[in-house]
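Asker: quick one, what's the 3D model for this:
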Amino acid sequence: MEPTNPEQSTGGVPVNAEPVGADIDAPAQVPPNPRKGMFGITGSGDVSGFGGLVRRAPEVVSTPKPYGGYFDEVTDALEEAYPGFADAIEKVVVDRGQLTLHIKAERIAEVAQIMRDDESLRFELCSSLSAVDYLNSDPRRFHVVYELTSMTYRRRVRLEVAVADGVTVPSVTSVYPTADWHERETYDMYGVIFTGHPNLTRILMPDDWEGHPQRKDYPLGGVPVEYKGAEIPPPDQRRVYQ
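Answerer: So this is what the prediction gives:
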C-alpha cells in the first residue's frame, strides 16, 4: 500500500524529490560506513528493499559525566570496587535512558563478578545475553550484550563486548548460571566461542549443521511454497533480493 503522504517517512522531504540543480545522471552519494540490510541488500536501511534509505552508522563515544539518575552511582561503585576499571572499560554510553558499559572481552567475567557481588551494585540476575552482527560496519563485527538486573536496588545495566570473527569471549556461566543456554544460543546463531562454558553445543540447530544462521553473510536459502495454486519461490530467489 502506497503512503497517502510521501513526505511522512522522510522528514518532510518527498521521496522522489531532486535537489535544485542536481545532476540526475550523477551517482547517488552514499554516506561513509553505512549500515547494510540482511540477505545481500546494500545501500538500504531496511531488509525489504522498499524504503531505499541508507542509515549512517553512528559513532559511539563515551558519554561525559554526570550521567544522571543512578548511572553515576553504578559507575562510581564499580570503579571503586574494581581496580582494573580504567583498563577494562572501553567506554560508558548513556543513550535512550539506558546505561551501557563497553568492556574488553578478556575482562567480561571479572566485571560480571564484581557487578554481582559488590554490596553497592548487587546485579544478581543476568536476564538476557544475546549478540548483534555489524557486518562491514565494525571490524569487531560481533557485539555480545549482557542485560543485568539488580533486584536489590531495582536497577538495570547493559554490558557489551565487541569481538572480531574467531576471537573468543570468556563464559560468565560461573557467575550467572542463567547465561548457560543464552551463550549456547549465541554460539549456535553467531558462532561466538565462549571459553570455559560447561557444554558449548548447539541448542537450536542440529549438531551437524554448517554455519550460523543469524550472521548477516549467512545465505538466506529456503524452499518454494505453494499457496492457492501459485508457487512462491524461496526467499533468496525473489526479485527483491536479487
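Asker: could you check how far the residue most central in space within the chain is from D118?
Answerer: When Cα atoms, centre = their mean is applied to the chain, the residue found nearest the centroid is V132 (2.9 Å). In this structure, V132 and D118 are 28 Å apart, going by Cβ to Cβ, to the nearest Å. For glycine as for every other residue, the C-beta is placed from the backbone atoms N, C-alpha and C.
Asker: D236 and L220 touch, don't they?
Answerer: Yes. Using Cβ atoms under 8 Å, D236 is in contact with L220, at 4.0 Å.
Asker: can you get me a residue count around Y190?
Answerer: If you count neighbours by other Cβ atoms under 10 Å, Y190 ends up with 23.
Asker: isn't it up against D217?
Answerer: No. Contact status for Y190 versus D217: not in contact, 11.3 Å apart, counting by Cβ under 8 Å.
Asker: for M189, what are phi and psi?
Answerer: phi -80, psi -30 (degrees, to the nearest 10).
Asker: neighbours of the closest residue to it other than its chain neighbours, how many?
Answerer: Closest residue in space to M189, ignoring its immediate chain neighbours: Q214 at 3.9 Å, by Cβ to Cβ, 6 or more residues apart in numbering. Neighbour count of Q214, defined by other Cβ under 10 Å: 17.
Asker: OK, contacts around Q214?
Answerer: Contacts for Q214 (Cβ atoms under 8 Å, 6 or more residues apart in numbering) come out as A131, D133, M189, Y190.
Asker: kindly report the same for E73.
Answerer: S120.
Asker: cool, and the one 5 residues further on?
Answerer: Taking Cβ under 8 Å, 6+ apart as the criterion, L78 is in contact with F85, I89, L101, V111, I114, M115, D118, L121.
Asker: next one: it from R116, what distance?
Answerer: With Cβ to Cβ as the criterion, L78 and R116 are 11 Å apart.
Asker: ok, M205 next?
Answerer: 31 Å.
Asker: who has more neighbours out of those two?
Answerer: Of the pair M205 and R116, R116 is the one with more neighbours under other Cβ under 10 Å, namely 18 against 14.
Asker: pretty sure that one sits in a helix.
Answerer: Yes. Membership of R116 in a helix is supported by DSSP: H, G, I helix; E, B strand; the rest coil.
Asker: what about it, distance to L125?
Answerer: 9 Å.
Asker: for the two, list the residues in contact with both.
Answerer: Common neighbours of R116 and L125 (Cβ under 8 Å, 6+ apart) are Y176.
Asker: so where's the protein uncertain?
Answerer: 1-58, 239-242 (pLDDT under 70).
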